[in-house]
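**Q** after the sequence you'll find the predicted model.
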Amino acid sequence: KVLLSISLLFLSVGQIFAAELPFTDVSTSDTFYSAVKKLYDGGIITKSPDNLFRPNELMNRDFYVSLTVWVGCKKCAIPDQSDIVRYNSSPFVDLPKTNEYYYCIAYAADKNITSWYILDETGQTKCENGQSYTTQPFCAANTITRIEAAAILLRRWNLWNETLNNGNFERSLSIPDASSYWYGYAKKWIEYGIITPKSDNTIGQNDKITRAEFSIMAAKIL
């Protein structure tokens, strides 16, 4: 019975991985095809109503965090009773429960996977939509930068965290455009082969990432 069960399991997995992508804007010749396929087969990304993946579209912060939590196999979009109780209060001043990714973000904040934006010297911070806050916000509609995307994935998989980032570690790797705070995350990202520096050793720290780039990074992490 055990062998039969195992055989059936592998058969069903094989059938799942044999499924074709439903996205009409993703071709087998695209550099990100295999990454998208891996995430689709794993149930991390799903079919859209219009059958489009939109590989060049930028990613909002709330959507990105929700996908990253799913990469770690936490099915947060539909919370269970324990999630509803645990995350009854929002961790961010600007994150209402009406946000479709609320429980994913609350989980990510609870596990130190993501955090708020810090206030400037005037005691304020502004989201990309122009809204200003005097209490540290999440800024759900902000588009994700390459370095923040890297940091969230690294924290999700316990490959790097704030404690390690604030500790003493070897800093000989040249990353000209990595700020003092982000250097540790950038270095670890390069060491794991998730991102390759450009010819001048820069990484485009503050460049906005697309859905295609996310799929490549997430697939490598998996």
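**A** Looks like it arrived, so ask away. Numbering: from 1, shown residues only.
**Q** CA atoms for contacts and neighbours, from now on please.
**A** Fine.
**Q** and the closest residue to V93 other than its chain neighbours, what does it touch?
**A** Of all residues not flanking V93 in the chain, P137 sits nearest, at 5.7 Å (CA to CA, 6 or more residues apart in numbering). By CA atoms under 8 Å, 6 or more residues apart in numbering, the contact list for P137 reads F92, V93, D94, L95, W116, Y117, I118, T125.
**Q** so the second one is in contact with T135, correct?
**A** Yes. At 6.9 Å, V93 and T135 qualify as touching, with contact defined as CA atoms under 8 Å.
**Q** pLDDT value on the residue nearest the centre of the chain, please?
**A** In the chain, the C-alpha nearest the mean C-alpha coordinate belongs to T68, at 3.6 Å (CA atoms, centre = their mean). With respect to pLDDT, T68 has a value of 84.
**Q** which residues are contacting the helix or strand encompassing it?
**A** Assigned by DSSP states H and E, T68 belongs to helix 61-71. With CA under 8 Å, 6+ apart as the test, helix 61-71 has contacts from 44-45, 75-77, 101, 104-105, 108, 114, 139-144, 149, 152-153, 156, 218, 222.
**Q** in helices only, show me the residues you listed.
**A** Using DSSP state H, C104, I105, A108, A149, I152, L153, R156, A218 are the members of the contacts of helix 61-71 that sit in helices.
**Q** and for the first one, the neighbour number?
**A** Okay, so that is C104. Here the number of neighbours of C104 (other CA atoms under 10 Å) works out to 27.
**Q** next one: K198
**A** So K198, with other CA under 10 Å, has 10 neighbours.
**Q** with Q136 instead?
**A** 19.
**Q** equivalent analysis for D50, please.
**A** 9.
**Q** distance of it relative to E170?
**A** Applying CA to CA, to the nearest Å, the value for D50 to E170 is 48 Å.
**Q** show me where the chain has its helices.
**A** Using DSSP H, helices in the chain cover 2-17, 33-41, 61-71, 81-86, 102-110, 146-156, 162-165, 183-191, 211-221.
**Q** need the ones you listed in a markdown table (columns: distance to Q131).
**A** Shown next, in a markdown table, are the helices of the chain (distance: least, CA to CA, whole Å):
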| stretch | distance to Q131 |
| --- | --- |
| helix 2-17 | 44 |
| helix 33-41 | 34 |
| helix 61-71 | 15 |
| helix 81-86 | 28 |
| helix 102-110 | 19 |
| helix 146-156 | 20 |
| helix 162-165 | 27 |
| helix 183-191 | 28 |
| helix 211-221 | 25 |
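**Q** end-to-end on stretch 187-206?
**A** End to end - CA to CA - stretch 187-206 spans 15 Å.
**Q** buried stuff in it?
**A** K187, K188, W189, I190, I194, I195, I203, G204, Q205 (16 or more other CA atoms under 10 Å).
**Q** how about the residues you listed, which pair is most distant?
**A** K188 and G204 (15.2 Å; CA to CA).
**Q** I'd assumed F214 was in contact with F32.
**A** No. With contacts counted by CA under 8 Å, F32 stays clear of F214, the gap being 9.5 Å.
**Q** separation between F23 and N56?
**A** Where N56 is concerned, F23 sits at a distance of 13 Å (CA to CA).
**Q** which of the two has more neighbours?
**A** F23 (16 against 11).
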